[in-house]
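Chemist: coordinates only, no sequence provided:
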Ligand SMILES: Nc1ncnc2c1ncn2[C@@H]1O[C@H](COP(=O)(O)OP(=O)(O)O)[C@@H](O)[C@H]1O
Ligand SMILES: [Mg+2]
């Protein structure tokens, strides 16, 4: 017969549950602390995730494109000499693959824009507007006038902030000046046909958009482009897309995913898991003192009983389990309620939290003025697993103390 | 038949510079089914002797043999098992687990032993009835009088037929009427169930119940005789 070592699990849980509620107040306080802690872990993590998601999306949006093809010299010297031929047949067939959600080719060149009131350095981007829409350009960001209609559209789109800086208006003419590959000055007048809003004002000041064919003609570069941008399904998973494009890109071209085009963004993404884990652990550490203290008090109050149980034939290990079960019940209850509270507070905020009041500060970090909390299953699991594992580890000390009382001493206490 | 054999038990406690001989070469044989009182003034070593026999504390020297098992040589775990299966305890007070009902307290030991729920239930209800607590099975200790609490403790001590019940001043917190009723009960259970009882007491009234009365003083047995 195997030696019975303690109570059966059901009886253990029942005893633990009743012991837990012997001191209502203490248990409730600890329970509330756990609930708030778990809520803070999950809610704040969702906000952080949401913020970084938004930063990445905005960042990729301003590139835009998850994978881009450039002339291999372009990144060192983004001038017009380092451009690409328009996509050939082989590349075109790859761009028709189901992995590709949209693609577009652009000409990018530094330029000077002048109104009657002033001039500013900008980046002139020649685009194919229809392709850009398929790439995820948000037509809703045009808040005055219209978007370009095709690559041969003669109009110009500028940012709202730039419009203010140049003290000009929709429908007015401006001059745009740049250099062609032979270093000859190339300039042209444009009528402002549309004004866009971006989540970042710096973007509104930096980029102006014209039809691609018009810009190619201005720079006398034929059908050459500066970059070809391609979008896949998920910005977190671009490896397959990059491979497909690399295999078909022309010689002398460089195919890079957004992570390499913008190392700041990719670093943000890479750091997030670590940041989330540290945050969860920091909150747990704050909780752990209360938890250990609560259990210590509970054990201390019950020294006699623990001695009695040992006298009745319960092994020290069973006493240890008994205290751990008690702690586990408290943790599970706190987790359950904490998770529910977190989900209940995150769901109503799905449509975004307006943080425009503090948006100026956020903009420095590259975030927009609306925050969308992002609840990730992975973060939920991490928070719950951390609380249970570290919670049980924290409970080991009080539980071990309880199991070490010698029955005579415990019973002799009055 | 000898159930418990104690040979030359010694236990000293040091308190500051003073060495207290709590057990001073105590030897004792206890027959199965006997009903023994251990008497003596406070501090004479009664509790110490019971604790040693029950494996709750370690001897300095000597041998204790319960049914062929050397208690003095067992480790913590096996000692717990020995208590679980062979020894029942009744203490002076705080005998019960406050969050468990009378029945659950009685079933506690059987639960640890791994008995099935149905068997436990039958046994606990029967024994609670036998100790006169029918109808009070679901009360928590706080809802029972001192005498009733001691009856629950007694029921728990004998319910799984241990070889030995060790009772340390079981009547010390009871009035003399209640004490008498409890002793009547212990005697009856001893006769019905043939469980061996070793009862430490300094109460004259309790000693009258003993078949055999052992007197201790200063850690020594000074008198050991059968009574009518
Ligand atoms: N844990 C201990 N530490 C020090 N002295 C003790 C301890 N336990 C018992 N003693 C001493 O041993 C002697 C016997 O005590 P005990 O067995 O409790 O006597 P009784 O139960 O007959 O009153 C007493 O002098 C007591 O003070
Ligand atoms: Mg005593």
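Modeler: Looks like it came in fine. Keep in mind that what you see is a predicted model, and the values were worked out from it rather than measured. Ligands and ions are numbered 1, 2, ... in the order given.

Chemist: what's around the closest residue to residue B:42 other than its chain neighbours, how many residues?
Modeler: Nearest non-adjacent residue to residue B:42, counting by Cβ to Cβ, 6 or more residues apart in numbering or on different chains: residue B:202, 6.3 Å away. Placement of C-beta: from N, CA and C, glycine included. A count of neighbours around residue B:202, defined by other Cβ atoms under 10 Å in any protein chain shown, yields 15.

Chemist: mind listing what residue B:202 touches?
Modeler: Shown in contact with residue B:202 (Cβ atoms under 8 Å, 6 or more residues apart in numbering or on different chains): B:39, B:40, B:41, B:42, B:46, B:169.

Chemist: where does pLDDT dip in chain A?
Modeler: Judged by pLDDT under 70, chain A has its weakly predicted residues at A:1-5, A:59-64, A:355-369, A:412-414.

Chemist: how about the residues of it near ligand 1?
Modeler: Within chain A, no position is near ligand 1 by Cβ under 6 Å from any ligand atom.

Chemist: before we move on, what SS does the residue in chain A positioned nearest to chain B have?
Modeler: With Cβ to the nearest Cβ, the shortest gap between chain A and chain B falls at residue A:313, namely 2.5 Å. Following DSSP: H, G, I helix; E, B strand; the rest coil, residue A:313 is assigned to coil.

Chemist: which residues touch residue B:71?
Modeler: Here residue B:71 is in contact with B:52, B:53, B:55, B:64, B:65, B:79, B:82 (criterion: Cβ under 8 Å, 6+ apart).

Chemist: so residue 213 is in which element?
Modeler: In the absence of a named chain, chain A is used. helix A:212-219 (DSSP states H and E).

Chemist: hmm, no, I was thinking of chain B.
Modeler: Assessed by DSSP H and E, residue B:213 sits inside strand B:212-217.

Chemist: whatever helix or strand comes next after that strand pairs with which strands, and in what direction?
Modeler: Next helix or strand after strand B:212-217 toward the C-terminus (DSSP H and E): strand B:220-226. Using DSSP bridges, strand B:220-226 pairs in its sheet with strand B:212-217 (antiparallel).

Chemist: pLDDT averaged over the partner strand, what's the number?
Modeler: Per-residue pLDDT over strand B:212-217 has a mean of 95.

Chemist: roughly how far is stretch A:303-319 from the heart of the chain?
Modeler: Remark: stretch A:303-319 is offset 51 Å from the chain centroid, using Cα atoms, centre = their mean, to the nearest Å.

Chemist: buried ones in that stretch, by neighbour count?
Modeler: Residues of stretch A:303-319 classed as buried under the neighbour-count rule (16 or more other Cβ atoms under 10 Å in any protein chain shown) are A:303-316, A:318-319.

Chemist: centre-most residue in chain B?
Modeler: In chain B, the centroid-proximal residue (Cα atoms, centre = their mean) is residue B:166; its distance is 1.5 Å.

Chemist: you'd agree that one is in a helix?
Modeler: No. When the secondary structure is assigned by three-state DSSP, residue B:166 falls in strand instead of a helix.

Chemist: list the contacts of it.
Modeler: B:50, B:53, B:54, B:87, B:88, B:89, B:90, B:198, B:200.

Chemist: anything in stretch B:155-172 sitting right up against ligand 1?
Modeler: No. Using Cβ under 6 Å from any ligand atom, stretch B:155-172 stays clear of ligand 1, coming no nearer than 7.1 Å.

Chemist: so how far does that stretch reach from one end to the other?
Modeler: Length of stretch B:155-172, first residue to last, Cα to Cα, to the nearest Å: 18 Å.

Chemist: coming back round to it: roughly how far out does the strand holding residue B:213 sit from the chain middle?
Modeler: 16 Å.

Chemist: and the closest residue to residue B:93 other than its chain neighbours, how many neighbours?
Modeler: Spatial nearest neighbour of residue B:93, excluding adjacent residues (Cβ to Cβ, 6+ apart): residue B:173 at 5.3 Å. Counted with other Cβ under 10 Å, residues neighbouring residue B:173 total 15.

Chemist: make sure I have this right: residue B:173 is in a helix.
Modeler: No. Read with three-state DSSP, residue B:173 is coil and lies in no helix.

Chemist: OK, contacts around it?
Modeler: Residues in contact with residue B:173 (Cβ under 8 Å, 6+ apart) are B:92, B:93, B:146.

Chemist: quick one: which of the residues you listed has the lowest pLDDT value?
Modeler: Of all those, residue B:93 carries the smallest pLDDT score, 84.

Chemist: next, count neighbours for that residue.
Modeler: A count of neighbours around residue B:93, defined by other Cβ under 10 Å, yields 16.

Chemist: report the inter-axis angle for the top helix by length along chain B versus strand B:164-168.
Modeler: In chain B, with assignment by DSSP state H, the single longest helix is helix B:176-193. Angle, helix B:176-193 to strand B:164-168, by axes from the mean of the first three to the mean of the last three Cα atoms, to 10 degrees: 170 degrees.

Chemist: for the nearest residue to residue A:223 once chain neighbours are set aside, give its distance to residue A:227.
Modeler: Nearest non-adjacent residue to residue A:223, counting by Cβ to Cβ, 6+ apart: residue A:86, 4.2 Å away. Between residue A:86 and residue A:227 the computed distance is 12 Å (Cβ to Cβ, to the nearest Å).

Chemist: those two - which one has more neighbours?
Modeler: Using other Cβ under 10 Å as the criterion, residue A:86 and residue A:227 rank with residue A:227 on top: 23 against 16.

Chemist: so the more buried one touches residue A:106, yeah?
Modeler: Yes. Using Cβ atoms under 8 Å, residue A:227 is in contact with residue A:106, at 5.4 Å.

Chemist: quick one: mean pLDDT over the helix or strand hosting residue B:13.
Modeler: Of the helices and strands defined by DSSP H and E, residue B:13 is found in strand B:2-15. The average pLDDT for strand B:2-15 rounds to 92.

Chemist: wait, does that strand contact chain A?
Modeler: No. If you take Cβ under 8 Å from any Cβ of the partner chain as the test, strand B:2-15 misses chain A, and the best it gets is 11.1 Å.

Chemist: need the contact partners of that strand.
Modeler: Here strand B:2-15 makes contact (Cβ under 8 Å, 6+ apart) with B:19-34, B:45, B:48-49, B:52-53, B:57, B:59-67, B:163-164, B:196, B:198, B:219.

Chemist: buried residues of it, list them for me.
Modeler: Those would be B:3, B:4, B:5, B:6, B:9, B:10, B:11, for strand B:2-15 by 16+ other Cβ under 10 Å.

Chemist: make TSV out of those and add distance to residue A:285.
Modeler: Below are the buried residues of strand B:2-15 laid out as TSV (distance: Cβ to Cβ, whole Å):
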residue	distance to residue A:285
B:3	56
B:4	53
B:5	56
B:6	53
B:9	51
B:10	51
B:11	46
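
Chemist: neighbours around residue A:28, how many?
Modeler: By the measure other Cβ under 10 Å, the count of residues near residue A:28 is 11.

Chemist: find the nearest non-adjacent residue to the residue of chain B found nearest chain A, please.
Modeler: Across chain B, no residue is closer to chain A than residue B:84, which sits at 2.5 Å (Cβ to the nearest Cβ). Nearest residue to residue B:84 in three dimensions, chain neighbours excluded: residue A:313, at 2.5 Å (Cβ to Cβ, 6+ apart).

Chemist: contact partners for the one you found?
Modeler: Residues near residue A:313 by Cβ under 8 Å, 6+ apart: B:80, B:81, B:82, B:83, B:84, B:85, B:87, B:109, B:112, B:113.
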